[in-house]
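Engineer: For reference, the sequence and a predicted model appear below.
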Amino acid sequence: MIKAIVFDWGGVLMRTEDYASRHRWDARLGLSPGSIEAAVHGSPAWRDAQLGKISLDAYWEAVRAELRLDQPSLERLRVDFYSGDRLDAALVATIRQIQGQGLKVGLLSNNSLDLADTLESLGLADLFDAVVISALLGVMKPDPAAYQTILDRLGVLAGEAVMVDDFASNITGAQSVGMSGVLFTPDGAWQNELFTLLSDV
């Protein structure tokens, strides 16, 4: 019987739905489309930030150096880069319904140290029974230790939990430790698979 559902954050609960501001930065700096995305979320510094090896400020300093920006431009980029991100309010409501059925809900995210503050500012601090952020743990999905940590904090066995994530590699990682996995898709089709798993609750 499934007793807990674990959600990812970026790409699931919080998704980039408008890339226009990022594309404008590509054009402003004379870069090919997608260059800003690669500099911000595709660099070794971003991985280090997600592993808690460097501070968020140190990470953004690495971005500034790579893009050769002055400090005021970097501050504008930090705001603009996430301006197209949207919280999935319908999914938040679904999670609250799931909790109302007596299921535990966890968050397991490869993210930087500021995610905890983000959850607080959005009024979502009480949405999860347990939260595991890679920067605080020092381990990222799909490392088995990441999944085991959230399972331990939720107090459930791997066979009693489902991982919902937008990366197939993270679903495979969850399944490798014995969890069920549901690949998130923005069209909502993933919910049918999840509800099938929950049908015996």
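Structural biologist: Cool, the structure landed. Predicted model only: the values in this text are computed from it and were never measured. Numbering: from 1, shown residues only.

Engineer: give me every residue that touches residue 194.
Structural biologist: Under the criterion of Cβ atoms under 8 Å, 6 or more residues apart in numbering, the neighbours of residue 194 are 5, 162, 164, 182. (C-beta placed from N, C-alpha, C; glycine too.)

Engineer: next one: the helix or strand of the chain with the lowest mean pLDDT to chain centre, how far?
Structural biologist: Every helix and strand of the chain was ranked by mean pLDDT, DSSP states H and E. The lowest is helix 190-197, at a mean of 90. Distance, stretch centre to chain centre, for helix 190-197: 20 Å (Cα atoms, centre = their mean, to the nearest Å).

Engineer: what about the strands in this structure?
Structural biologist: With DSSP state E as the criterion, the chain has strands at 4-7, 14-16, 85-87, 104-109, 130-133, 161-165, 180-183.

Engineer: Tell me which of those strands sits most buried.
Structural biologist: Comparing those by mean neighbour count (mean count of other Cβ atoms under 10 Å), strand 161-165 ranks first with a mean of 26.

Engineer: Distance of the residue lying farthest from the centre of the chain relative to residue 82?
Structural biologist: In terms of distance from the mean C-alpha position of the chain, residue 30 ranks first, at 29.7 Å (Cα atoms, centre = their mean). Going from residue 30 to residue 82 by Cβ to Cβ, to the nearest Å gives 22 Å.

Engineer: Residue 128 contacts residue 106, correct?
Structural biologist: Yes. Assessed by Cβ atoms under 8 Å, residue 128 is found in contact with residue 106 at 5.8 Å.

Engineer: what is in contact with these two at once?
Structural biologist: Residues touching both residue 128 and residue 106 (Cβ under 8 Å, 6+ apart): residue 7.

Engineer: mind listing what the residue farthest from the centre of the chain touches?
Structural biologist: By Cβ under 8 Å, 6+ apart, the contact list for residue 30 is empty.

Engineer: burial of residue 20, as a residue count?
Structural biologist: Around residue 20 there are 10 other residues, counting by other Cβ atoms under 10 Å.

Engineer: mind listing what the closest residue to it other than its chain neighbours touches?
Structural biologist: Nearest residue to residue 20, sequence neighbours excluded (Cβ to Cβ, 6 or more residues apart in numbering): residue 84, at 6.6 Å. The neighbours of residue 84, taking Cβ under 8 Å, 6+ apart as the test, are 16-22.
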